[in-house]
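Trainee: Turn this into a model:
(chains A and B)
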There are 2 protein chains.
Amino acid sequence: MQETIPHWLSKQADLAPDKTAIEIEDGYCLTFKELEYKSKGFARKLARLKITKGTHVGILSTNEIPMIIAIHALSYLGAVGVLLNTRLTPEEINFQLKDAEVSIVLTADHLKENSKGIKAETIHSFSEIDELEEKEVRLCTELNLAETFTIIYTSGTTSFPKGVIHTYGNHWWSAVGSALNLGIHSDDKWLMPLPLFHVSGLSTLIKSVMYGMPIYLLEKFNERTVHHAIMNKGITIVSVVTVMVQRLMSFLGDKKYPESLRCLLLGGGPAPKPLLEKAAERNIPVFQSYGMTETASQIVTLSPDNALKKIGSAGKALFPAQVKIMEPGEDSIGEIHVKGPMVTAGYFKNEEANQQAFNSGWLATGDLGYLDEAGFLYVSDRRKDLIISGGENIYPSEIESVLSGMEQIKEAGVTSKADETWGQVPVAFIVKNSEVTEDEIWTFARKRLAKYKLPKEIHFIDHLPRNASNKLIRSRLKL
Amino acid sequence: MQETIPHWLSKQADLAPDKTAIEIEDGYCLTFKELEYKSKGFARKLARLKITKGTHVGILSTNEIPMIIAIHALSYLGAVGVLLNTRLTPEEINFQLKDAEVSIVLTADHLKENSKGIKAETIHSFSEIDELEEKEVRLCTELNLAETFTIIYTSGTTSFPKGVIHTYGNHWWSAVGSALNLGIHSDDKWLMPLPLFHVSGLSTLIKSVMYGMPIYLLEKFNERTVHHAIMNKGITIVSVVTVMVQRLMSFLGDKKYPESLRCLLLGGGPAPKPLLEKAAERNIPVFQSYGMTETASQIVTLSPDNALKKIGSAGKALFPAQVKIMEPGEDSIGEIHVKGPMVTAGYFKNEEANQQAFNSGWLATGDLGYLDEAGFLYVSDRRKDLIISGGENIYPSEIESVLSGMEQIKEAGVTSKADETWGQVPVAFIVKNSEVTEDEIWTFARKRLAKYKLPKEIHFIDHLPRNASNKLIRSRLKL
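Mentor: The predicted model follows:
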């Protein structure tokens, strides 16, 4: 079934021409009809650069409307968008451009100057494209779900980054799976504070065109702005990562969010349980989820019905998806495997990685976790972050979760240190909320953690190292 | 993309085990967990009859829970259900059984006695199967969307009936398309008064398992029962055909439906405009739709936003679908063609019919209609019902629509009669509400219809000939 559907943006522009597709902070709105018109126009301008079916085009931009137009424009040409993380160094970007066979890069206007170290045949800012004359070309009226739409590189904190292929079908099925979990309400408005060059952000654009739902787009996360939007802009769903929930809750103080806010969709790794409990106590609808670039965003999500009953769990696999644990240990923990039509068609030209990752349609995620008796997934850690100490498995996130439950601690990051006796031992990095001593922390931790899990060292730092999507990078916790 | 998804009933039983899947009139409810358990058990019993992957099994039943269990049971075995219309004569059924290569037929208990004229190797009532011992067999845990799930014969009022293949994917995409139009609300409850052996009924079972939504199942339509359910049972959506809307509105009188009723989904052919206007005036949310067995239920539907603005239109193609008019005449009317992943994989072993019906993925529906400037579909008539009178095209449904707007007329059916001068002329059949004469009808019609469209004869009858899904069969309007 190489299923073909009408071009999704054109379809929504036909079904709901005057509905808002994108709204930004200053109140500027773009309807689906306008977005279609601009995207098609941009596509005809890109055609001047000989961008055509199958051309790989780099996009280097922070969240802004021209970036969205550029992404949709590529789909009208059948071209492939390679979305570049703006926080990368030119060398890192050059690796991705070469690996993904990109010769043309489009940048946000404000990033054009910074792009000097980037090696591409041509680099154009969005405004420069806008100045071109439109070329008469046949634009796609249909999308074949088997074809590639985007490539996004995995952060790859160990080996070289790998280019994750997302077909139109991967994005389609991801949005359908999410809809079957969260429902589709005609008054939905999704706030997006995460970068669109990550799949968490990008996937929301597809949801927008499929559901006919406005996206409230932020250039970046800022608790004041998000708070204000939730309070005043009719936001029903917000994509967040842990640190954003923390900041939002501090900012909220004793106030309450409007009832219309029905979901803070939490991705980007396991959240500390104390935080989730605090949110639950205050009726803040945080739904933990689990996903990665390879799964075109969330693939496991805690449903509204279970959000309060199963705190700490990432939930169950979305309707079209499956999850299983391979080779579980005595503690039931093993490597998480997932399967479903939203799972990447594979890594771009990387047969070795594909062979390692896929087995009969199942993707080995590299993450560790377990399923409880009712089949709910609990994510323990990245396998590479696992600490093995005297033969015992130690999950950094468990220690982080405990430590961040201490009033005086704002955030905690745990990594390992080589140890002659134990092989590895855990070491904690603490960002303080208020004054606290190492001894106080140890006293707190001793009551809550087995002895072998106690951090052997405690370091105070100003902030934790995070990547562009605010995920903690434990490998950068340096002693 | 031979997409594979987890078995949909098992999946929903895992996600929402205790949620109601089916509710029937006497208040009896079956949860998804129970439905899964019973369906799997029934599958293991069917395995005793050597029913296995690819076996074609006839199902002859009116709406009842054992029928639903039997249908799901077949999916656990990978067998194909051939759904038989209980109103057919034994000869008609035998044609379908032979054509569909069915050797085993399952019947409702109360139909077993009547099944004597049916030629099949074995005929078993649901209760007889229930008495069998379960056999240890491997049940399907996944569904491949490219595989066949059901075959339903088209009513075929002209040529021999054709077996319409529905893959799991056809059903899946139909449900997704509907969800993207109507939304998915966690409190939805869908009332089904249409037979499950038609695709309109059958498709709702799939929506139920995919959305995790209860079906309120009626054995058959009865305005008192439906009214009562809408008023007291939290029904949010009802599938209806025109005559049901008429009867419900009479029964409703001056009362109002609860606000929670969000959609009367109207299928089964174009509805008279006066009826739709009357419903709109009274805030009854009737959404006209257009579909057929070949499209796995509705493929074009008027969205909630346009239900009142575009009365008389069937709406726009569902999100994954497309509609176009081929060879339109001067009045813009031509044959309706549709395309999309919910459109049948083809007619079973009927190459001739497939070649006639399909052209580059588009299905020629045999229906006539036009698109207005904004792209909304208006269905005129079945092509075979078109009356050509002195070179002018006359659409019976237009005349029916006008006549049924007359207070004293309950229903009207229009067909053609051979005429020496004009070739064909229209003839009307009237079911009265209250006393009315031919002259009064002509006076009414003359003000509203061009002269050539005026029925040349008016006949009063007690009721219109309708098929099992309550569609008017014009060919049976006999003089």
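Trainee: how near is residue A:7 to residue A:296?
Mentor: Here residue A:7 is placed at a distance of 19 Å from residue A:296 (C-beta to C-beta, to the nearest Å). Where you see a C-beta, it was placed from the backbone N, CA and C, and this is true even at glycine.
Trainee: ok, these two, which is more surrounded?
Mentor: The residue with more neighbours, out of residue A:7 and residue A:296, is residue A:296; 32 against 22, by other C-beta atoms under 10 Å in any protein chain shown.
Trainee: Name all residues that make contact with the more buried one.
Mentor: A:166, A:170, A:171, A:173, A:174, A:199, A:203, A:342, A:343, A:344 (C-beta atoms under 8 Å, 6 or more residues apart in numbering or on different chains).
Trainee: Filter those down to the buried ones.
Mentor: If you count burial by 16 or more other C-beta atoms under 10 Å in any protein chain shown, the buried members of the contacts of residue A:296 come out as A:166, A:170, A:171, A:173, A:174, A:199, A:203, A:342, A:343, A:344.
Trainee: Which members of these occur in strands, if any?
Mentor: Those of the buried ones among the contacts of residue A:296 mapping onto strands are residue A:166, per DSSP state E.
Trainee: Let me know how buried the nearest residue to residue A:136 once chain neighbours are set aside is, in neighbour terms.
Mentor: Take residue A:136 and drop its neighbours on the chain: the residue closest to it by C-beta to C-beta, 6 or more residues apart in numbering or on different chains is residue A:44, 7.3 Å away. Per other C-beta under 10 Å, the neighbour tally for residue A:44 reads 19.
Trainee: Quick check: buried residues in the helix or strand hosting residue A:44?
Mentor: Using DSSP states H and E, residue A:44 sits in helix A:32-46. By neighbour count on 16+ other C-beta under 10 Å, the buried set for helix A:32-46 is A:32-36, A:38-40, A:42-46.
Trainee: Can I get these in JSON lines including distance to residue A:303?
Mentor: Formatted as JSON lines, the buried residues of helix A:32-46 follow (distance: C-beta to C-beta, whole Å):
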{"residue": "A:32", "distance to residue A:303": "29"}
{"residue": "A:33", "distance to residue A:303": "34"}
{"residue": "A:34", "distance to residue A:303": "35"}
{"residue": "A:35", "distance to residue A:303": "31"}
{"residue": "A:36", "distance to residue A:303": "33"}
{"residue": "A:38", "distance to residue A:303": "36"}
{"residue": "A:39", "distance to residue A:303": "34"}
{"residue": "A:40", "distance to residue A:303": "38"}
{"residue": "A:42", "distance to residue A:303": "38"}
{"residue": "A:43", "distance to residue A:303": "38"}
{"residue": "A:44", "distance to residue A:303": "43"}
{"residue": "A:45", "distance to residue A:303": "44"}
{"residue": "A:46", "distance to residue A:303": "41"}
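Trainee: Can you name the residues of the stretch 101-250 of chain A that neighbour chain B?
Mentor: Contacts of the stretch 101-250 of chain A with chain B, taken as C-beta under 8 Å from any C-beta of the partner chain, map to A:145-146, A:169, A:173, A:176, A:179-180, A:183-186, A:210-212.
Trainee: Now which of those would you call buried?
Mentor: Among these, those classed as buried by neighbour count (16+ other C-beta under 10 Å) are A:145, A:169, A:173, A:176, A:179-180, A:183-186, A:210-212.
Trainee: Identify, from those, the entry nearest to residue B:437.
Mentor: Within these, the smallest distance to residue B:437 is 48.3 Å, found for residue A:186 (C-beta to C-beta).
Trainee: Contacts only, for the closest one.
Mentor: Contacts of residue A:186 (C-beta under 8 Å, 6+ apart): B:183, B:304.
Trainee: name the element it belongs to?
Mentor: With DSSP H and E as criterion, residue A:186 is part of no helix or strand.
Trainee: since we're on residue A:423, how many residues are nearby?
Mentor: Neighbours around residue A:423, by other C-beta under 10 Å: 14.
Trainee: Wait, it touches residue A:390, no?
Mentor: Yes - with contact defined as C-beta atoms under 8 Å, residue A:423 reaches residue A:390; the gap is 6.7 Å.
Trainee: tally of neighbours for residue A:137?
Mentor: 14.
Trainee: A helix includes it, no?
Mentor: No - with DSSP: H, G, I helix; E, B strand; the rest coil as the criterion, residue A:137 is assigned coil and is not in a helix.
Trainee: Surely it touches residue A:44?
Mentor: Yes - under the criterion of C-beta under 8 Å, residue A:137 makes contact with residue A:44 at 6.1 Å.
Trainee: low-confidence ranges in the stretch 351-479 of chain A?
Mentor: A:468-469, A:479 (pLDDT under 70).
Trainee: What is the least confident helix or strand in chain A?
Mentor: Lowest on mean pLDDT, DSSP states H and E among the helices and strands of chain A sits strand A:392-394, with a mean of 79.
Trainee: Let me see the mean pLDDT of whichever helix or strand residue A:96 is part of.
Mentor: For residue A:96, the element it lies in under DSSP H and E is helix A:90-99. Taken as a whole, helix A:90-99 has a mean pLDDT of 93.
Trainee: quick one: contacts for the residue nearest the centre of chain A?
Mentor: The centroid of chain A falls nearest to residue A:200 when counting by C-alpha atoms, centre = their mean (3.3 Å). Counting by C-beta under 8 Å, 6+ apart, residue A:200 touches A:194, A:239, A:267, A:268, A:291, A:297, A:469.
Trainee: Compare these and tell me which is most surrounded.
Mentor: Using other C-beta under 10 Å as the neighbour criterion, residue A:297 leads those with 30 neighbours.
Trainee: Just give the nearest non-adjacent residue to that one, would you?
Mentor: By the measure of C-beta to C-beta, 6+ apart, the closest residue to residue A:297 outside its immediate chain neighbours is residue A:203, 3.9 Å from it.
Trainee: Could you do residue A:166 as well?
Mentor: Per C-beta to C-beta, 6+ apart, closest to residue A:166 is residue A:150, 4.6 Å.
Trainee: in what helix or strand does the one you found lie?
Mentor: strand A:148-153.
Trainee: so what are the domain limits for chain A?
Mentor: A:4-144, A:169-383, A:386-476 (automatic domain parsing).
Trainee: Looking at the ones you listed, which one is packed in the most?
Mentor: When you average the neighbours per residue for each of those (mean count of other C-beta atoms under 10 Å in any protein chain shown), domain A:169-383 leads with a mean of 20.
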